[in-house]
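Participant: Sequence plus predicted model, see below.
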Amino acid sequence: MEGYTSKPLLFVLITAVSFLQFIFILRFLFEITKVNFYNPVCQLIVKMTNPILTPLRLVPLYIGRIDLMIIILITMITALKIYIPYYFTSFEYSINSLFIAAFGKFVQETLDILWYAVIIGAIGSWFMSYNTHPMFTLIDELCEPFYRPIRKILPTMTGIDFSPIILLVAINLIQMIVLPPIFYLTKFF
């Protein structure tokens, strides 16, 4: 009977932690791409994450404009997300392997969110009403810094923008090249 009661609890816990992780990944992406913080969607994300981030940022950890504290926080939330299903079993995870796997999962899910943002932005650009909604404006602002270097290299071709396609290929290549070595490191810890 214990297995039946733990499944709904497990689902609720993983869903809550996944939502928290998603919100902080969005905040991370908003900060590195410098989106308009006056956008209503961005304001919502900032208001949701500030109570946790503000006390943590008393110790400033930055590399350029990248806030390491938010990366550490997202990695810890992701580690919790990975650990929760195994808590109810006898499977044991080394703490070092857990945090390495969590960092790899954080990178993977950040790239997945960016991938979906590119898809939504590309499909949304086909519709006129797309241009006025704050959510789609935010998606455009989120993707634009990644399109810019591609557009500098790629010439314009009769009004068709191939930068989203090239960015999607680049995201998939990064996932194939960068993620396996990160996850492979978990074997050594």
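Facilitator: Received the coordinates, thanks. Residues are numbered from 1 along each chain as shown.
Participant: how close does Thr186 get to Glu31?
Facilitator: Plainly put, Thr186 is 28 Å away from Glu31 if you go by CB to CB, to the nearest Å. Where you see a C-beta, it was placed from the backbone N, CA and C, and this is true even at glycine.
Participant: Can you pull out the low-pLDDT segments for the protein?
Facilitator: For the chain, applying pLDDT under 70 flags the ranges 1-5, 128-131.
Participant: How about the contacts made by the residue nearest the centre of the chain?
Facilitator: In the chain, the C-alpha nearest the mean C-alpha coordinate belongs to Thr110, at 2.6 Å (CA atoms, centre = their mean). By CB atoms under 8 Å, 6 or more residues apart in numbering, Thr110 lies in contact with Ile25, Phe28, Leu29.
Participant: let's go with 6 Å and repeat that
Facilitator: With contact set as CB atoms under 6 Å, 6 or more residues apart in numbering, Thr110 has these partners: Ile25.
Participant: Need phi/psi at it.
Facilitator: Dihedral angles of Thr110 (phi, psi; degrees, to the nearest 10) stand at phi -70, psi -40.
Participant: Mind giving me the packing neighbours of the lengthiest helix in the chain?
Facilitator: Counting residues, the longest helix found in the chain (DSSP state H) is helix 2-33. Counting contacts by 3 or more CB pairs under 6 Å, 6 or more residues apart in numbering; DSSP states H and E, helix 2-33 is packed against helix 40-56, helix 68-87.
Participant: Which stretch among the ones you listed approaches Ser6 most closely?
Facilitator: helix 68-87 (9.4 Å; CB to CB).
Participant: Give me the neighbour count for Pro55.
Facilitator: 9 (other CB atoms under 10 Å).
Participant: ok, the residue nearest to Leu168 when sequence neighbours are not counted - how many residues close by?
Facilitator: Closest residue to Leu168 apart from its sequence neighbours, by CB to CB, 6 or more residues apart in numbering: Val118 at 5.7 Å. Neighbours of Val118 under the rule other CB under 10 Å: 21.
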